[in-house]
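Colleague: Below is the structure, and that's it, no one-letter string:
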C-alpha cells in the first residue's frame, strides 16, 4: 500500500494489484485520481472525473481507457 497526494480533506491510497481508494471528507467535489473505472462507490459518482463530497470509491488504477 502507498499513500497518494490528494486535495485537502481527502484520503487516497493505492494497493496492488491495481486498486486506488479515494475518500472525500470535505464539503465540495474534488478531482478523482487517474483511473480506468469506478469499481465501487458509497454513493453515485455522476460527474466523470469528480468525487462528490462525503463519498468514498474504489477505482481500477491506471489511465482512463
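Modeller: Done, it's in. As the structure is a computational prediction, the values presented were derived from the model and not from experiment.
Colleague: How about the nearest residue to residue 29 once chain neighbours are set aside: which residues does it bridge to?
Modeller: Distances taken as CB to CB, 6 or more residues apart in numbering place residue 50 nearest to residue 29, at 4.5 Å, with adjacent residues excluded. Every residue, glycine included, has its C-beta placed from N, CA and C. Taking DSSP bridges as the rule, residue 50 bridges to residue 31.
Colleague: cool, and residue 14?
Modeller: Beta-bridge partners, per DSSP bridges, of residue 14: residue 2, residue 20.
Colleague: My read is that it contacts residue 62, right?
Modeller: No. With contact defined as CB atoms under 8 Å, residue 14 does not reach residue 62; the gap is 10.5 Å.
Colleague: quick one, which of the two is more surrounded?
Modeller: Legend: neighbour count by other CB atoms under 10 Å for residue 14 and residue 62, higher for residue 14 (16 against 12).
Colleague: Show the contacting residues for that one.
Modeller: Going by CB atoms under 8 Å, 6 or more residues apart in numbering, residue 14 touches 1-2, 4, 20-21, 61.
Colleague: That's all I had, so thanks and see you.
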